[in-house]
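[1] Make a model of this:
(one chain, ligands or ions: 1)
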Amino acid sequence: MGLSVVSGISEAKDYLISTPKTSMLITATPGEKSKFQYYGSRIEEADIPGIYASGLAFDKESYPVFGLNTPGEKAMAVSHPDGNMTLDLVVDRVKQYSVDDGDVTEIVMKDQVYPFVLRQYFKTYSGSDVMTTWVEVDNDNKKPITLYRFASAFLPMRRNDNWLTHFHGFWGGESTQEQERLTNGQKVVANKDGLVNTESDNPSFMLSMDGEPTEDAGHVFGGALAWTGNYLIKMDVHSTKFDMSAGINEETSHYVLDPKSTFRTPEFAMTYSTEGKGGVSRAFHRWARDHKLHDGNKEHDILLNSWEGVYFKVNQKGMDEMMQAFSAMGGELFVMDDGWFGNKYPRNSGSSSLGDWEVCREKLPEGIEGLIASARKNNIKFGIWIEPEMANTKSEIFEKHPDWIMRVNNRPLSTGRGGTQIVLDLTNPKVQDFVFGVVDGLMTKHPEIAYMKWDDNCSVLDYGSQYLPADKQSNLYIDYQLGLKKVLERIRAKYPDLVMQACAGGGGRVNYGMLPYFNEFWTSDNTDALQRIYLQWGISNFYPAVAMASHVSADKNHQTGRTVPLKFRFDVAMSGRLGMEIQPKDMNDADKAFASRAIAAYKGIRPVVQFGDLYRLMSPYDNKGVASLMYVVPDKKRAVFYAYKMNHLINMVVPTVRMNGLDPDKMYKIKDLTPVDEKRPCALDGKTISGKVLMNEGLPMASLLNKEYSSLALELEAAE
Ligand code: DGJ
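    Numbers count the residues shown, from 1 in each chain. Purely as a prediction, here's the structure:
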């Protein structure tokens, strides 16, 4: 159990909520304010008096609300039916109970005057060092109330030399790591897109408590908001105090809550590491695989996605050839991307057909059945791309249901991709049925479809719902997300085994609001292996490798124009969920032979990469000329090590990389996983070296990475 009530320590009641390595201490006494005291490394009941005696206890409201004693940041603000804008909450009772996957502490608070109930939750997850917090609000009035601010979490932090790490994003450069010292004032990590919520910043961050963060030492707080809509994470920093709040971005989203209704904020997930940033990442990865990702502990197939190979030029023969060639290389799953649908308006570019989810008979006369037959013949699984929340003005769906889209009726319609893309209004239950029906229709007709890539290439453009009444237009951003959630829940209830990828014009929806319904995410449309090292590094801070789709693409990269060796491209892609995004016809025999060997090697190390503990060894952001990381299985018997030459100059100093996470007392036999010439593996191949030497002294990279774009992928196996 992660919970205990400790009475007699102080006059108030202390609730100690613990995970194996962390603890939170809350004081909640009926009739009084609920107080946050401590969150940090694990403490026991006997340590609590010391937390008070040392001055470490914060003794600040666990959920400060607006209205009385107004100065400062608050977690919640509402307006009651009579226009009063104040809240005054005190504890009514505290409940503690176990649920399927963990333990919950629920602090029920009531307003002293108004019929307003707020429940603050803290949840621990079995076997995990991540805990989550959220609140629920009941409107027990006879009239609606309006919520103006509704944070999921509000935590005081100790002011020190605090550093913030966050992950800035844009198309092609998602999750680019930023690290900065927090100075006085407010620092905000936020999104206002409506839909694509991680192409601005990812809703996750780390806070170092004692100086510039490192990978393996120092106290670091890690937090992530499980929401795929607009969000706001705010650090309010003053010389003597520092509060962090995280929640849905309330800007232009004042929420009108009907009588007898409940509003639930998304979960905010957090952990606390005394082992630097690496500790935060490993805790999040484990939590994600065990509790959040759909089927997070199932191995993922090696797939070929058709997008960069053929773009919209889909046809039966071309798809069949791709399947055949990929299957011959050892591939396991083929995914037909965009371009397969639309009859009145065949989908030949981004400017038409979304919403018309009928197979294009002209391009694919044998239908999806023909493709599935090809897949069967080639002994490979079949997957398909959809973008079900969208339409184009040039589409049959828009002609039939103009009232299903988001728009402002007395103003011109804004459009996105292709000059015609528009967003369906998921606040409307009929639209929810339609979107569910896109998946359901395909799966009912073709139960052999094994995989779906769910894309979204548009933001909320015009702020207007044709479904919501005038007095609830401000609910649009939030009700859209709640509608999407309902659809995804229905899909998961009916199709638990369907593997689904979350994509949004690349890595635009990599967050824990979306991922519980998906098995993986498309990391970025940028498949350039060199830039991927930076992006995947950023992603790896909070999201596990099993979910990180990483594809080998064409020689002259389509996004950056860079040319890098196939080995380097494979060595980068093999550090995540390996896939390919290439036209096999354009590969020569030597490349195909190399790809077959690399795919076979990946199959051997797949459980180590997909379920192992990640140790980031040398950051590409530190500009040392080399980037390196490794995965180690929990019993430390197997590991996989990667190193990449990031730039190349004749007189440069090439560093030594020290490994991490191994057993110092074990002897590890090294194998080169991807030699270009099978007969000439790297000099380390076949050598046996102790964990102690590999971790304390490391491997000098100068002779191993001696060319431009040289790279290493090594397997380490402990000798019995
Ligand atoms: C954007 C995605 O990120 C790409 O991978 C591809 O699926 C295109 N959309 C298709 O339109």
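[2] List the contacts of whichever residue of the stretch 251-400 of the chain sits closest to the ligand.
    The stretch 251-400 of the chain approaches the ligand most closely through Asp338 (3.6 Å), counting by C-beta to the nearest ligand atom. Glycine gets a C-beta too; all of them are placed from N, C-alpha and C. Contacts for Asp338 were tallied using C-beta atoms under 8 Å, 6 or more residues apart in numbering; they are Trp307, Tyr311, Phe312, Val314, Arg347, Trp385, Glu387, Asp455.
[3] Got phi/psi on the closest residue to the first one other than its chain neighbours?
    Right, Trp307. The spatial neighbour of Trp307 that comes closest, neighbours along the chain excluded (C-beta to C-beta, 6 or more residues apart in numbering), is Asp337 at 3.9 Å. Per-residue torsions, Asp337: phi -90, psi -160 (degrees, to the nearest 10).
[4] what sits against Asp337?
    Asp337 makes contact with Asn305, Ser306, Trp307, Val314, Trp385, Lys453 under the criterion C-beta under 8 Å, 6+ apart.
[5] now the closest residue to the first one other than its chain neighbours: how far from Val439?
    Which is Asn305. The spatially closest residue to Asn305, leaving aside those adjacent along the chain, is Val335, at 4.6 Å (C-beta to C-beta, 6+ apart). To Val439, Val335 is 15 Å away according to C-beta to C-beta, to the nearest Å.
[6] Repeat that for Gly40.
    For Gly40, the distance to Val439 equals 43 Å [C-beta to C-beta].
[7] who's more crowded, the two?
    Under the neighbour definition other C-beta atoms under 10 Å, Gly40 and Val439 were set side by side, and Val439 has more, 23 against 17.
[8] can I assume the more buried one is in contact with Tyr495?
    Yes - with contacts defined as C-beta atoms under 8 Å, Val439 counts as touching Tyr495 at a distance of 7.0 Å.
[9] from the contacts of Asp337, which two are the most distant?
    Farthest apart among the contacts of Asp337 by C-beta to C-beta are Val314 and Lys453. That separation is 13.7 Å.
[10] For the protein, list the residues in contact with the ligand, please.
    Proximity of the chain to the ligand is assessed by C-beta under 6 Å from any ligand atom, with Trp307, Asp337, Asp338, Trp385, Asp455, Asn457, Cys503, Gly505, Gly506, Trp522, Asp525 identified as the residues in range.
[11] from those, which ones fall inside helices?
    For these, membership in helices holds for Trp307, with DSSP state H as the criterion.
[12] quick one: Ala373 is in a strand?
    No - applying DSSP: H, G, I helix; E, B strand; the rest coil, one finds Ala373 to be helix, outside a strand.
[13] So for the closest residue to it other than its chain neighbours, what's the pLDDT?
    Ranked by C-beta to C-beta, 6+ apart and with sequence neighbours excluded, the top spatial neighbour of Ala373 is Glu366, at 7.4 Å. According to the prediction, Glu366 has pLDDT 98.
[14] burial measure for Glu366, as a count.
    Neighbours of Glu366 (other C-beta under 10 Å): 14.
[15] Return the residues in contact with Ser208.
    Taking C-beta under 8 Å, 6+ apart as the definition of contact, the neighbours of Ser208 are Asp161, Asn162, Trp163, Leu164, Thr165, Gly218, His219, Val220, Lys277.
[16] on that earlier part again, what about the residue nearest to Asn305, helix or strand, and which?
    Using DSSP states H and E, Val335 maps to strand 333-336.
[17] Could you check how many residues crowd around the residue lying closest to Asp258 once chain neighbours are set aside?
    With C-beta to C-beta, 6+ apart as the criterion, Asp258 has its nearest non-adjacent residue at 5.4 Å, and that residue is Pro144. Using other C-beta under 10 Å, Pro144 has 16 neighbouring residues.
[18] cool, Glu275 as well?
    Applying other C-beta under 10 Å, we find 17 other residues in the vicinity of Glu275.
[19] Report the separation between it and Ile43.
    For Glu275, the distance to Ile43 equals 17 Å [C-beta to C-beta].
[20] do the same with Lys486
    Separation of Lys486 from Ile43 (C-beta to C-beta): 40 Å.
[21] again, but for Ala217
    From Ala217 over to Ile43 the distance is 20 Å, taken as C-beta to C-beta.
[22] and what of Ser711?
    The span separating Ser711 from Ile43 equals 44 Å under the rule C-beta to C-beta.
[23] Which one of the two is surrounded by more residues?
    Each of Ser711 and Ile43 has its neighbours counted (other C-beta under 10 Å); Ser711 has more, 27 against 18.
[24] Next up, the contacts around the more buried one.
    The contact partners of Ser711, taken as C-beta under 8 Å, 6+ apart, are Lys567, Phe568, Asp571, Val572, Tyr642, Ala643, Tyr644, Lys645, Leu705.
[25] Looking at those, which two lie furthest apart in space?
    In the contacts of Ser711, two members sit farther apart than any others by C-beta to C-beta. They are Val572 and Leu705, at 13.7 Å.
[26] More neighbours: which of those two?
    Neighbours were tallied for Val572 and for Leu705 using other C-beta under 10 Å; the higher tally belongs to Val572 (27 against 24).
[27] State the helix or strand in which the more buried one lies.
    Here Val572 is covered by helix 566-573, with elements defined by DSSP H and E.
[28] centre of the chain versus that helix, how much separation?
    Distance of helix 566-573 from its chain centroid, counting by C-alpha atoms, centre = their mean, to the nearest Å, is 23 Å.
[29] Using CSV, write out every CA atom in it.
    The C-alpha coordinates for helix 566-573 follow below in CSV (Å, rounded to 0.1, in the frame of the first residue of the first chain):
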residue,chain,number,x,y,z
LEU,A,566,22.4,3.3,-44.3
LYS,A,567,24.2,1.9,-41.3
PHE,A,568,23.9,5.3,-39.5
ARG,A,569,20.2,5.5,-40.4
PHE,A,570,19.6,2.0,-39.1
ASP,A,571,21.6,2.6,-35.9
VAL,A,572,19.4,5.6,-35.1
ALA,A,573,16.1,3.9,-36.0
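[30] Please work out the average pLDDT along it.
    Confidence over helix 566-573, taken as the mean pLDDT, stands at 98.
[31] Output the contacting helices and strands for it.
    Other helices and strands packing on helix 566-573, by 3 or more C-beta pairs under 8 Å, 6 or more residues apart in numbering; DSSP states H and E, are helix 529-539, strand 548-553, strand 577-581, helix 589-611, strand 638-645, strand 711-718.
[32] Let me have those in CSV, extended by mean pLDDT.
    Output for those, formatted as CSV (pLDDT from 0 to 100):
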stretch, mean pLDDT
helix 529-539, 98
strand 548-553, 98
strand 577-581, 98
helix 589-611, 98
strand 638-645, 98
strand 711-718, 98
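[33] So which residues of the protein form helices?
    So, for the chain - with DSSP H - the helices run 48-53, 276-287, 307-310, 316-328, 367-377, 396-400, 429-445, 476-494, 529-539, 566-573, 589-611, 691-696.
[34] The last one: which residues count as buried?
    This points to helix 691-696. In terms of neighbour count (16 or more other C-beta atoms under 10 Å), helix 691-696 has its buried residues at Gly691, Val693, Leu694, Met695.
[35] quick one: the residue nearest to Ala373 from Asp403, how far?
    The separation that Glu366 has from Asp403, given C-beta to C-beta, amounts to 36 Å.
[36] likewise Arg680?
    Taking C-beta to C-beta as the measure, Arg680 falls 66 Å from Asp403.
[37] Enumerate every residue touching Lys187.
    Lys187 sits in contact with Leu164, Glu180, Lys234, Met235, Val237, where contact means C-beta under 8 Å, 6+ apart.
[38] Quick check: the first one touching Leu182?
    Yes - taking C-beta under 8 Å as the definition, Leu164 is a contact partner of Leu182 at 5.3 Å.
[39] what packs against the lengthiest strand in the chain?
    Among the elements of the chain assigned as strand by DSSP state E, the one spanning the most residues is strand 145-157. Counting contacts by 3+ C-beta pairs under 8 Å, 6+ apart, the secondary-structure elements packed against strand 145-157 are strand 35-41, strand 76-79, strand 131-139, strand 220-225, strand 242-248, strand 255-257, strand 268-273.
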